[in-house]
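The following comprises the amino acid sequence and a computationally predicted model.
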Amino acid sequence: MEETTYLADLIKVLKKYLWLIVLLGIIGGVSGRMITNDAPSPTYESSALVLIKQQMKDTNVIINQTDETTRFINSALTLVNTSAILSSVKQELKLKETVYELAEKVRASNENGSYVIKLTASDDNPNQATKVANKIAEVFKRDLGSYLDVESVDVVQLAEVGQETKISPTTRTKANIIMGTMIGLVLGVFLSFVLSYFFKPSKA
């Protein structure tokens, strides 16, 4: 009998403050949606491949050839993110970014000590990422010989529009809305019982 009375009281409280529960649920859902809207805009990466061949010195004795090759590759990779390459890229594409800001969006990599350099550019505009990656490859091919002893530099693969990789964090719109709504509903129920406790009708 007491359990039935207790349950009836709970239902009565929930019905009385149903407006508050629903209101907080809506506010929670809207808040979840707003959090999703504040998420970072999508970012895309696009890459071009360049093959470089080192100019070998005229000598019958090869000393520390592996170390020399490693230094050559590392030097080429480092040059990509300097004004030696990026100042021309910035000028020729008429970019608004400074060379430093552009360098933050550019990455050069090499696998297994090969002579293939992967030039990657990122941007929130996929077409722009592709354009920058290809321009870096063009400038790299043209100007690398001014800084290193190279026999040849060839662009073996240009970045292509539509082949960009999306790297931004995945937003969870539905999950955020549901989570916000649930939190709002729970908070609404909690406040309903709090208000019911403090505003009990006085007994004569």
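Arrived safely, thanks for sending. Numbers count the residues shown, from 1 in each chain.

pLDDT of the longest helix anywhere in the chain, averaged?
If you go by DSSP state H, the chain has its longest helix at helix 173-198. In this model, helix 173-198 carries a mean pLDDT of 82.

and if you look at stretch 153-170?
80.

Tell me what V150 is bridged to.
V150 forms beta bridges with Q54, as assigned by DSSP bridges.

Kindly provide the distance from it to T43.
From V150 across to T43, the span is 32 Å (Cβ to Cβ, to the nearest Å). No exception for glycine: its C-beta is placed from N, CA and C like everyone else's.

separation between S41 and P126?
As judged by Cβ to Cβ, S41 and P126 stand 12 Å apart.

Over to L23?
Taking Cβ to Cβ as the measure, L23 falls 42 Å from P126.

shaky segments in the chain?
Applying pLDDT under 70 to the chain flags residues 1-6, 36-40, 57-66, 168-173, 200-204.

ok, and for the longest helix of the chain, which residues are buried?
Buried residues in helix 173-198, counting neighbours by 16 or more other Cβ atoms under 10 Å, are found at 176-177, 179-181, 183-185, 187-189, 192, 196.

Now L119: which helix or strand?
Using DSSP states H and E, the element containing L119 is strand 116-123.

That strand: partners in the sheet, and parallel or antiparallel?
Here, using DSSP bridges, strand 116-123 pairs with strand 44-54 (antiparallel), strand 106-109 (antiparallel).

highest average neighbour count across these?
The highest mean neighbour count among those, using mean count of other Cβ atoms under 10 Å, belongs to strand 44-54: a mean of 20.

following that one, which helix or strand comes up?
With secondary structure assigned by DSSP H and E, strand 44-54 is succeeded by helix 65-80.
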